[in-house]
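Q: sequence first, then the predicted structure:
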Amino acid sequence: MADLEAGLGTLTRMGDTPIDVVLLVVEPSAKSVEVGRRAVALLEGRPVGRLIVVGNKVAGEEDVERLREAFGDHELVVVPDDQAVRAADRAGDSPLDHAPGCPAVAALTTLAERLAAAS
């Protein structure tokens with residue numbers, strides 16, 4: 001597992017090493033969606049087993065539709081915009097420790113379970 005810096009730089013320097021799963025984290029803003037589309041284009045033709053788009057800070061159905069429109073061919077996981085995550089960040093805590101039952105943590109837990117079940 002690798003957590004890459006935001007942007008496209010790392011993707012442009014990647015070789016053809018097979019990758020089991022790519023989690024492409026995007027926000028529903030125009031800029032983030034555009035960078036996400038470019039990332040998808042860079043990944044096309046590379047040995048990627050599964051590409052999952054993770055919509056982060058999604059505020060409602062309009063945001064979900066924007067992401068579906070932009071990444072419709074790919075699996076989409078929605079992480080809702082969640083005040084508990086911001087509160088955890090302000091407190092210097094992990095959201096998992098600060099608010100384990102909050103909607104954002106629940107979405108990420110479901111994603112982790114799906115990934116574990118597929119491996």
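A: The structure has been received and is ready for your questions.
Q: ranges for the helices of this protein?
A: Secondary structure of the chain (DSSP state H): helices located at 9-13, 30-43, 61-71, 83-91, 95-98, 103-118.
Q: among the ones you listed, which comes closest to Val54?
A: helix 103-118 (7.1 Å; Cβ to Cβ). Where C-beta positions appear, they are placed from N, C-alpha and C, glycine not excepted.
Q: would you check how far apart the residue sitting furthest away from the middle of the chain and Ala104 are?
A: In the chain, the greatest distance from the average C-alpha position (Cα atoms, centre = their mean) is reached by Ala91, at 23.5 Å. Ala91 sits at a distance of 15 Å from Ala104 (criterion: Cβ to Cβ, to the nearest Å).
Q: do Gly55 as well
A: In terms of Cβ to Cβ, Gly55 sits 11 Å off from Ala104.
Q: same check, this time on Ser32
A: 17 Å.
Q: neighbour-wise, which of those two wins?
A: Ranked by neighbour count (other Cβ atoms under 10 Å), Ser32 and Ala104 place Ala104 first, with 23 against 18.
Q: go ahead and confirm that one touches Arg86.
A: No - using Cβ atoms under 8 Å, Ala104 makes no contact with Arg86, being 9.8 Å away.
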